[in-house]
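> Sequence first, predicted model second:
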Amino acid sequence: MIGAASTLRTWKKKPLIKNPFLRWGLFITVIAYLVVSGSAIKVDPNRIAMGASRIGKLFSGFFHPDFISRYKYIVQGTLESLAMTLAASLTSMFLAIPFALCASRNLVPKWVYAVFRLILMLIRSLHVVVMSILFVVMFGYGPLAGVATLMLNSIGFIGKLLAEDIENINEEQLEAVRATGANWFQTVVYGVWPQISTRFIGLSIYRADISFRQSTIIGIVGAGGIGAVLDTAMGKYDYNTAGAILLVIIVLVLITEYISSSIRRRIA
């Protein structure tokens, strides 16, 4: 018994990289990279001190919001953000469906699948701010650039996730519809849509919620909405108005979050 007990060894988790030289070399490389990156930031104590004082002024304005001085612009910017979100969401809901169908491996030829998957990948590769800058250059300042940005971004979001859901549907139900002699369109209507309709509605509502939040950001680069009013207030160091705008954005985001969550729970 003593000999058997002496042969027992404590369990140790196997390392992710077995070669110790490679493991420690990688660790040292990462540490060296972080040190070099940190030195490139050039931390300036004076700038940090100035920033700390500005943070105090900003929070002071946040706790003493001014809704009166720029009331007209705040209301106009808020309504503009809501209108941009609604227009982009409704348009993208319809346009995302053909993108998702054509990006599903089990519904279309391989070359069609590859082309539309590439398009969705390119759309998703662009950040919403970068995309809004491109549309501002194309269409000029204003809500049109914002609607185009939110619409294209929503198509990429809904199209990709919906295409993945389509590829995971029940193939037996799909084959049963095809066995009746149904064409491609009839197969989609009777074999695909009943299986993804609830998911599509949930994705669309969730995406509309995201679009409203993004509409408050893209206005900073001139794409309309309440973000443009916030950027103007910040540029003029009018922190009281900026605080009022931030409160409006927070309240609206909470309301849209509650509404979208309630709807998703009902359709789940």
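Yes, it's here. Here the structure is a predicted model, which is why all the values come from computation and not from measurement.

> Can you tell me what sits against stretch 230-243?
57-58, 60-66, 69-70, 73-74, 77, 216, 219-220, 245-246, 249 (C-beta atoms under 8 Å, 6 or more residues apart in numbering). Where C-beta positions appear, they are placed from N, C-alpha and C, glycine not excepted.

> Which members of those are classed as buried?
61, 65-66, 70, 73-74, 77, 216, 219-220, 245-246, 249 (16 or more other C-beta atoms under 10 Å).

> Just give me the longest helix of the protein.
Criterion DSSP state H: the longest helix present in the chain is helix 71-102.

> Next, the buried residues of that one.
Applying 16+ other C-beta under 10 Å to helix 71-102 flags 73-74, 77-78, 80-85, 87-89, 91-93, 95-97, 99-102 as buried.

> For A114, what are phi and psi?
The phi and psi values for A114, taken as degrees, to the nearest 10, are phi -60, psi -40.

> sec struct for the residue nearest the centre of the chain, please.
Centroid check for the chain by C-alpha atoms, centre = their mean gives I210 as the closest residue, at 6.3 Å. Of the three states, I210 takes helix under DSSP: H, G, I helix; E, B strand; the rest coil.

> pretty sure it is touching F157, no?
Yes: between I210 and F157 there is a contact under C-beta atoms under 8 Å: 7.4 Å.

> All the strands of the stretch 1-150 of the chain, in order from the start?
Using DSSP state E, counting those that start in this stretch, the stretch 1-150 of the chain contains no strands.

> Run through it and note the low-pLDDT ranges.
Across the stretch 1-150 of the chain, the ranges flagged by pLDDT under 70 are 1-9, 15, 43-44.

> mind listing the helices for it?
2-6, 20-41, 45-63, 71-102, 110-125, 128-139, 143-167 (DSSP state H, counting those that start in this stretch).

> Let me have these in a markdown table, extended by distance to K14.
Below are those laid out as a markdown table (distance: least, C-beta to C-beta, whole Å):
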| stretch | distance to K14 |
| --- | --- |
| helix 2-6 | 23 |
| helix 20-41 | 12 |
| helix 45-63 | 44 |
| helix 71-102 | 41 |
| helix 110-125 | 35 |
| helix 128-139 | 42 |
| helix 143-167 | 33 |
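
> The ones you listed: which one's closest to A176?
Minimum separation from A176 across the helices of the stretch 1-150 of the chain (C-beta to C-beta) falls at helix 143-167, 16.5 Å.

> Could you tell me the angle between the closest one and helix 71-102?
Per axes from the mean of the first three to the mean of the last three C-alpha atoms, to 10 degrees, the angle that helix 143-167 makes with helix 71-102 is 30 degrees.

> got the angle for helix 143-167 vs helix 128-139?
Using the same axes, to 10 degrees: helix 143-167 against helix 128-139 is 130 degrees.

> tilt between helix 143-167 and helix 110-125?
Using the same axes, to 10 degrees: helix 143-167 against helix 110-125 is 130 degrees.

> Could you pull out the buried residues of helix 143-167?
Quick answer for helix 143-167 (16+ other C-beta under 10 Å): 143-163, 165-166.

> Ok, stretch 113-121 next?
Y113, F116, R117, I119, L120.

> hang on, isn't the third one packed against A103?
Read it as R117. Yes: contact criterion C-beta under 8 Å: R117 and A103 qualify, at 5.0 Å.

> which neighbours do the two share?
With C-beta under 8 Å, 6+ apart, R117 and A103 have common neighbours A163.

> hmm, back to that, now flag whichever of the buried ones among the contacts of stretch 230-243 is closest to V129.
Looking across the buried ones among the contacts of stretch 230-243 and measuring by C-beta to C-beta, the closest to V129 is I220, at 7.9 Å.

> So the closest one: helix, strand or coil?
From three-state DSSP, the assignment for I220 is helix.

> That one and G227 touch, don't they?
Yes: taking C-beta under 8 Å as the definition, I220 is a contact partner of G227 at 4.8 Å.

> Please write out the alpha-carbon positions of stretch 146-163 in PDB.
The C-alpha trace of stretch 146-163 is given here as PDB (Å, rounded to 0.1, in the frame of the first residue of the first chain):
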ATOM      1  CA  GLY A 146     -26.800  58.700 -41.500                       C
ATOM      2  CA  VAL A 147     -29.700  56.700 -42.900                       C
ATOM      3  CA  ALA A 148     -27.500  55.100 -45.600                       C
ATOM      4  CA  THR A 149     -24.900  54.200 -42.900                       C
ATOM      5  CA  LEU A 150     -27.400  52.600 -40.600                       C
ATOM      6  CA  MET A 151     -29.200  50.800 -43.400                       C
ATOM      7  CA  LEU A 152     -26.000  49.300 -44.800                       C
ATOM      8  CA  ASN A 153     -24.700  48.400 -41.400                       C
ATOM      9  CA  SER A 154     -28.000  46.700 -40.500                       C
ATOM     10  CA  ILE A 155     -28.100  44.700 -43.800                       C
ATOM     11  CA  GLY A 156     -24.600  43.300 -42.900                       C
ATOM     12  CA  PHE A 157     -25.700  42.500 -39.400                       C
ATOM     13  CA  ILE A 158     -29.100  40.900 -40.100                       C
ATOM     14  CA  GLY A 159     -28.000  39.300 -43.400                       C
ATOM     15  CA  LYS A 160     -25.100  37.400 -41.800                       C
ATOM     16  CA  LEU A 161     -26.900  36.100 -38.700                       C
ATOM     17  CA  LEU A 162     -30.000  35.200 -40.700                       C
ATOM     18  CA  ALA A 163     -28.000  33.300 -43.300                       C
END
